[in-house]
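# let me see the structure of the following:
(2 chains)
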There are 2 protein chains.
Amino acid sequence: MAHRAELIAVGTEILLGNIANTDAQILSERLAELGINVLYHTVVGDNPQRLREALELARTRVDIIITTGGLGPTYDDLTKQTICDAFGRKNVLYPELETWLRELFAARKRPMAPNNLQQAYLPENCTVFHNHNGTAPGCGFCEGGVHVLMLPGPPHECELMFRTGAEPYLRALSEGVIASHTLRIYGKGESDMEMLLRERIEKMTNPTVAPYAKSDECMLRVTAKAASAEEAEAMLRPAVDEVMGVVGEWVYGIDVDNLESVCVAALKAKGATLAAAESCTGGLIAKRVTDVPGASAVFLGGVVSYTNSVKNKVLNVSQSLLDEHGAVSEPVAIAMAEGARALTGADYALSVTGVAGPDSDDRGNPVGLVYIGLATPDGTECRKCEFGKRTREHIRMQAANTALDMLRRTLK
Amino acid sequence: MAHRAELIAVGTEILLGNIANTDAQILSERLAELGINVLYHTVVGDNPQRLREALELARTRVDIIITTGGLGPTYDDLTKQTICDAFGRKNVLYPELETWLRELFAARKRPMAPNNLQQAYLPENCTVFHNHNGTAPGCGFCEGGVHVLMLPGPPHECELMFRTGAEPYLRALSEGVIASHTLRIYGKGESDMEMLLRERIEKMTNPTVAPYAKSDECMLRVTAKAASAEEAEAMLRPAVDEVMGVVGEWVYGIDVDNLESVCVAALKAKGATLAAAESCTGGLIAKRVTDVPGASAVFLGGVVSYTNSVKNKVLNVSQSLLDEHGAVSEPVAIAMAEGARALTGADYALSVTGVAGPDSDDRGNPVGLVYIGLATPDGTECRKCEFGKRTREHIRMQAANTALDMLRRTLK
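Numbering: from 1, shown residues only, chains lettered A, B, ... in the order given. Alright, predicted model coming up:
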């Protein structure tokens, strides 16, 4: 049977909303890859009583407990002692950790305050997890059939210790592997996917298919459990093909990061370049494309033409076109895309002009009306979108997504 | 006695690590402002049995339960029915919600799939929370002394519904009022603030002062509890003045959203306009300025000059300057800012050129080296920043923040 895990984060700063529990996300993703089912995330404050209760509950419902946080040298770092009390282990000094700590402080030329020595204490007879990014070691042990692992709270310490210490510990426990592929979809929602695939989803047990919503897009994850990675992959391939047969039209990539990275990769593959002329998206497309490392190989630049004067002077959109049709119009979107293409010498240029709100524009165009242009070596197309009265942020995101999706379909 | 709250997130995608539980952070921060103690965060999957158990446990240990997620139209959206079962309420159709849903789909010109009607069902006799960013309404009700509030999972829906629906519901529960002012700081970290203010923070009980870190900036929240809003405000004023006397130099605004909104407001107040010329930030400054509603009154436009050719042709940076000093240099940053100002006719223009990584540039400039220019009616200044080897995203954010902070200091 698959192992069942609970993640318990210890930290009042999480309950106050000062920081998000990003450790839980990082660990959950890794545990899923190891085929360990994470059934619960729990967060308690720096409070021994409530941590103790959370531990007592967890040991009744899972066989792997992973705590994050509370391993440091200050008085509110209480995880180790509470776990020792709950699981009947002594908290003892590990001399090799004391040596390591003293050497670490000496190397950093910093005096070691006495409370730091607490970090060399761990439960008796545990597997020590070394900390390559900080001063608090972690550990794992098994008591009464329940594995207890302690990791530090700061995400860069937690993630590295998971990889170097906890993951080898956990791999030794498990049989088989879990593998998955993620189909990223734009232009159809989670409920559309479910309608299209419901019968298949219901009859599949291994591999399984599950839809997820993700702000303005959605994804389908196909997951298989098998004895080996090769076997899992062999089971996944026909399942992915079957799903692609139904929804492939809307899938912009498999195991990819996002629309912009797909566009950058497609441009690289073609040896082609891109420019952007943005009005209501105000630089969002350029920002997203240049989020992708290596974008400079394909993205030449962009113009944020937030006024008619910039549209006219920089992008060479004729004043008569602006006067006749207004800035939010198909002819202007086309002229902006063609202007950006001519100005930069790019092979492709996207343009966006529309009303992001909160108010309609001075010609009475409604919030959510957006024209998107795409100039290519073979001509220019334009799409009229009516996103409706959503937030400014949402309309801008939808406009950028729609533009990038138009580009990736053209590049396909 | 202060209310005690538990946040229960429902979503297998959180347990799989596909998304972080950001709702918990947003809500925790808001609840702290309302004086409600958040004692637990819990996450369960789309599993009625485990959600039921989490609800049964929560009702024994807190008096406010807030769920996020599981309100949508698909079969794994099970929060409402499970809560109705646990608290003995009928899940009933609210006709006004059905009307609203049908109108919403009609306005978006999309057919309404039958499963969407589930979203018009809520527990009998509840306070409806309208969803201004999506299709799933939420609600609040009280049963056996425990308040149960349901909010949608997508963060932009959750946050807005909290503000417009849940917050008024919760404010009505508390006696007295809690009021606070938030000082937003750029250029000094949380620990610097704590060092500067430690003695004051320790001796204050009401009002209190607390520092919070927030990615690349930090904030100080001054909070007072009193019988009325007027009384709380009267207590806050001298406390804010005292804190400003110590750290005012780094405070860019009180109760403001962010650096960009402060800049837009300052430009409006002066009747001045802005342009941007961005290289390594790739449109991020333009994007952030145009995130602010009404930015079109002051932001004329920008150029994303990701290549030397665009710097030269569009921004009129001379080729000899580019050849001699390289794109990442003080003379080019100055020429970019002045070029953007001349091109658009703006009063102020920001420029950014630097190395965001992951690799150093072809002249061997290290990752994190960024030059920021600011052209004004009184001349042009330039700042050299060495942000160090951080992530691409972090360097771009720091560069944009530093640029906006330079602008707001100049406009002050």
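
# what parts of the stretch 1-150 of chain A come near chain B?
Within the stretch 1-150 of chain A, the positions near chain B by Cβ under 8 Å from any Cβ of the partner chain are A:9, A:14-22, A:24-32, A:38-45, A:50, A:57. All C-beta spots, glycine's among them, are computed from the backbone N, C-alpha and C.

# next step: those residues restricted to helices.
A:14-15, A:22, A:24-32, A:50, A:57 (DSSP state H).

# lowest pLDDT pick from the residues you listed?
Scanning these for pLDDT, the low point is A:Ala32. It has 85.

# run through who's touching stretch A:251-271.
A:181-186, A:217, A:240, A:244, A:273-274, A:288-289, A:291-292, A:294-295, A:297-299, A:347-348, A:401, A:404-405, A:407-408, A:411-412 (Cβ atoms under 8 Å, 6 or more residues apart in numbering or on different chains).

# go with 6 Å
Stretch A:251-271 is contacted from outside by A:181-186, A:274, A:288-289, A:292, A:295, A:298, A:404, A:407-408, A:411, using Cβ atoms under 6 Å, 6 or more residues apart in numbering or on different chains.

# and stretch A:25-45, by the same measure?
So stretch A:25-45 is contacted by A:2-9, A:12, A:14-15, A:21, A:24, A:50-51, A:54, A:159, A:170, A:174, A:176-178, B:15-17, B:20, B:41-43 (Cβ under 6 Å, 6+ apart).

# one step back: spatially, which two of the contacts of stretch A:251-271 are the most separated?
Greatest spatial distance in the contacts of stretch A:251-271: A:His181 and A:Leu274, 27.7 Å, computed using Cβ to Cβ.

# who has more neighbours, these two?
Legend: neighbour count by other Cβ atoms under 10 Å in any protein chain shown for A:His181 and A:Leu274, higher for A:Leu274 (28 against 18).

# that one and A:Ala346 touch, don't they?
Yes. A:Leu274 is in contact with A:Ala346 according to Cβ atoms under 6 Å; the separation is 5.5 Å.

# am I right that A:Val352 sits in a strand?
Yes. According to DSSP: H, G, I helix; E, B strand; the rest coil, A:Val352 belongs to a strand.

# and the gap between it and A:Gly245?
Separation of A:Val352 from A:Gly245 (Cβ to Cβ, to the nearest Å): 33 Å.

# please apply the same query to A:Glu386.
Using Cβ to Cβ, A:Glu386 is found at 31 Å from A:Gly245.

# cool, and A:Pro95?
Distance from A:Pro95 to A:Gly245, by Cβ to Cβ: 62 Å.

# residue nearest the middle of chain A, spatially speaking?
By Cα atoms, centre = their mean, chain A has its centre lying nearest to A:Asp257, at 8.2 Å.

# could you look up the SS state of it?
Here A:Asp257 is coil, with the state taken from three-state DSSP.

# and the helix or strand hosting A:Thr82, what other elements does it pack with?
According to DSSP states H and E, A:Thr82 maps onto helix A:79-87. Secondary-structure packing of helix A:79-87 (3 or more Cβ pairs under 6 Å, 6 or more residues apart in numbering or on different chains; DSSP states H and E): helix A:48-61, strand A:91-93.

# just give me how far the last one sits from the chain centre.
So that's strand A:91-93. Offset of strand A:91-93 from its chain centre (Cα atoms, centre = their mean, to the nearest Å): 38 Å.

# in its sheet, what does that strand sit against?
With DSSP bridges as the test, strand A:91-93 is paired with strand A:121-123 (antiparallel).

# check contacts around A:Tyr186.
By Cβ under 6 Å, 6+ apart, the contact list for A:Tyr186 reads A:217, A:252, A:405.

# any chance you could map the helices in the stretch 101-250 of chain A?
Listed in chain order, the helices found in the stretch 101-250 of chain A under DSSP state H, counting those that start in this stretch are A:155-161, A:167-171, A:190-203, A:229-247.

# what is the rounded mean pLDDT of the shortest one?
Averaged over helix A:167-171, pLDDT sits at 92.

# residues of it that come out buried?
Buried positions in helix A:167-171, judged by neighbour count with 16 or more other Cβ atoms under 10 Å in any protein chain shown: A:167, A:169-170.

# in a markdown table: these, plus distance to A:Pro331.
Formatted as a markdown table, those follow (distance: Cβ to Cβ, whole Å):
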| residue | distance to A:Pro331 |
| --- | --- |
| A:Glu167 | 58 |
| A:Tyr169 | 64 |
| A:Leu170 | 61 |
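
# now distance to chain B too, for the residues you listed, in JSON lines please.
Below are those laid out as JSON lines (distance: Cβ to the nearest Cβ, whole Å):
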{"residue": "A:Glu167", "distance to chain B": "14"}
{"residue": "A:Tyr169", "distance to chain B": "19"}
{"residue": "A:Leu170", "distance to chain B": "15"}
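
# between these, which sits nearest A:Ala340?
For these, the closest approach to A:Ala340 (Cβ to Cβ) belongs to A:Glu167, at 47.5 Å.

# any stretches of chain A with poor pLDDT?
Counting by pLDDT under 70, chain A has low-confidence residues at A:1, A:75-76.

# dump the contacts of A:Tyr186 to a markdown table, plus neighbour count and distance to B:Pro73.
Formatted as a markdown table, the contacts of A:Tyr186 follow (neighbours: other Cβ atoms under 10 Å in any protein chain shown; distance: Cβ to Cβ, whole Å):
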| residue | neighbour count | distance to B:Pro73 |
| --- | --- | --- |
| A:Glu217 | 22 | 17 |
| A:Tyr252 | 22 | 23 |
| A:Asp405 | 20 | 24 |
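
# show only the entries of the residues you listed found in strands.
If you go by DSSP state E, the contacts of A:Tyr186 have A:217, A:252 in strands.

# which one of the contacts of A:Tyr186 is nearest B:Ala229?
Taking Cβ to Cβ as the measure, A:Glu217 is the one of the contacts of A:Tyr186 closest to B:Ala229, at 42.4 Å.

# can you tell me the closest non-neighbouring residue to that closest one?
Once flanking residues are discounted, A:Glu217 sits nearest to A:Tyr186: 4.9 Å by Cβ to Cβ, 6 or more residues apart in numbering or on different chains.

# now the one you found. Its backbone dihedrals?
Main-chain torsions, A:Tyr186, degrees, to the nearest 10: phi -130, psi 140.

# that one and A:Cys142: what is the separation?
Distance of A:Tyr186 to A:Cys142, computed by Cβ to Cβ: 46 Å.
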